[in-house]
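>>> this one's sequence-less:
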Ligand code: PYC
């Protein structure tokens, strides 16, 4: 068998959502910043993204991470989605931290805490790893500031009339109450949520692109359906992020949780420094806290805590004669 390409990765999942960290096989990238190197990758090597993330090696929900050097932080990384490049990705940051620990790259394995800074296209974030008995027990990332751009935007699609808040949390989200959209936050509700979410996203983005949503300058990446409940330990935001018509976030979504914090603080539903749990449809939680940001009115600094688990180490190859070298998605 003649091999035309080798790429090695370490895979993990964060609350169910996969992260594929590339550890070898990407050619050197040009550019002074991580954002510029991500752009160089997009211009010259995009087929590597689809090769790694699409079927038959991946699937619609797979997220990749390419590490690069950084002159501004301890590490640099950019995020590959199956459909688009992400400016920031919370679940993948948690997966990357656990992968770096697995590779022995972030401090002595017997230290109870390690921290590092990470340059991503959205900015510089700080990541803390807490260990118990030599194993990672929690990863916290201090995200880029999150803020609400537009509130109560009317959206009509799929026979529904709902309202959305447009919020930045490292990616752009349209936040919509699940009940108003008839979305059930459970595995059995996913197909319906993806169909409705994709239609609502298209309608919201049509309004943003036509300048009909004051304050919102860019189309939203995803729709986040939410419901708030309380138990003896405090507030829980149950949520489901619809990324595309065939792709949802299995995790509580790190950037989505960041957007949710900014929305709840702006609505007076949450105080700064008051932790909540954001919960995915599988019942796995992140802990999310809004901290103050100096000098940016209305913006908050999200602190998100979660955990990832390694699922495998791979060496993907492209064999001579493979009829689908770039993979495919249906
Ligand atoms: O966790 O921020 C996140 C995320 C974005 C897209 C998929 N996961």
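Thanks, I have the structure now. Source: prediction; values computed, not measured. Numbers count the residues shown, from 1 in each chain.

>>> tally of neighbours for residue 119?
Residues lying near residue 119 (other Cβ atoms under 10 Å) number 23. All C-beta spots, glycine's among them, are computed from the backbone N, C-alpha and C.

>>> Bridge partners for it, pull those for me.
Counting by DSSP bridges, residue 119 is bridged to residue 76, residue 124.

>>> what's the helix or strand for residue 139?
Using DSSP states H and E, residue 139 sits in strand 135-142.

>>> no, scratch that, I was asking about residue 101
Under the criterion of DSSP H and E, residue 101 resides in helix 90-102.

>>> how much does that helix deviate in direction from strand 135-142?
Interaxial angle, helix 90-102 versus strand 135-142 (axes from the mean of the first three to the mean of the last three Cα atoms, to 10 degrees): 140 degrees.

>>> at contact distance from the ligand, anything in helix 90-102?
Yes - residues of helix 90-102 contacting the ligand under Cβ under 6 Å from any ligand atom: 90, 91.

>>> surely residue 174 meets residue 164?
Yes - Residue 174 lies in contact with residue 164 (Cβ atoms under 8 Å); the separation is 4.1 Å.

>>> Need the overlap of contacts for the two.
Common contacts of residue 174 and residue 164 (Cβ atoms under 8 Å, 6 or more residues apart in numbering): 153, 155, 200, 204, 223.

>>> Out of these, flag the one nearest to residue 48.
Set against residue 48, the nearest of the shared contacts of residue 174 and residue 164 by Cβ to Cβ is residue 223 (28.8 Å).

>>> Test my guess that the closest one contacts residue 177.
No - taking contacts as Cβ under 8 Å, residue 223 lies outside contact range of residue 177: 11.4 Å.

>>> In terms of neighbours, single out the busier of those two.
Taking other Cβ under 10 Å, residue 223 and residue 177 do not tie; residue 223 has more neighbours (29 against 15).

>>> Beta-bridge partners for that one, please?
What pairs with residue 223, by the bridge criterion (DSSP bridges), is residue 174, residue 242.

>>> give the contact list for the closest residue to residue 87 other than its chain neighbours.
Nearest non-adjacent residue to residue 87, counting by Cβ to Cβ, 6 or more residues apart in numbering: residue 122, 4.1 Å away. Residues in contact with residue 122 (Cβ under 8 Å, 6+ apart) are 87, 88, 144, 170.

>>> Quick check: of the residues you listed, which has the highest neighbour count?
Going by other Cβ under 10 Å, residue 170 tops the contacts of residue 122 with 32 neighbours.

>>> distance of that residue from residue 316?
From residue 170 over to residue 316 the distance is 28 Å, taken as Cβ to Cβ, to the nearest Å.

>>> and what of residue 239?
For residue 239 relative to residue 316 (Cβ to Cβ), the value is 32 Å.

>>> Those two: which has the busier surroundings?
residue 239 (25 against 17).

>>> what about the helices in the stretch 1-150 of the chain?
34-53, 90-102 (DSSP state H, counting those that start in this stretch).

>>> quick one: which of those helices is nearest residue 19?
Short answer: helix 90-102, nearest of those by Cβ to Cβ, at 3.0 Å.

>>> Centre of the chain to the closest one, how far?
12 Å (Cα atoms, centre = their mean, to the nearest Å).

>>> Looking at that helix now, give me its mean pLDDT.
Averaged across helix 90-102, the pLDDT comes to 98.

>>> Same check on stretch 149-167?
98.

>>> Go through that stretch and flag the buried ones.
Within stretch 149-167, the residues that count as buried by 16 or more other Cβ atoms under 10 Å are 149, 150, 153, 155, 157, 158, 160, 162, 164, 165, 166, 167.
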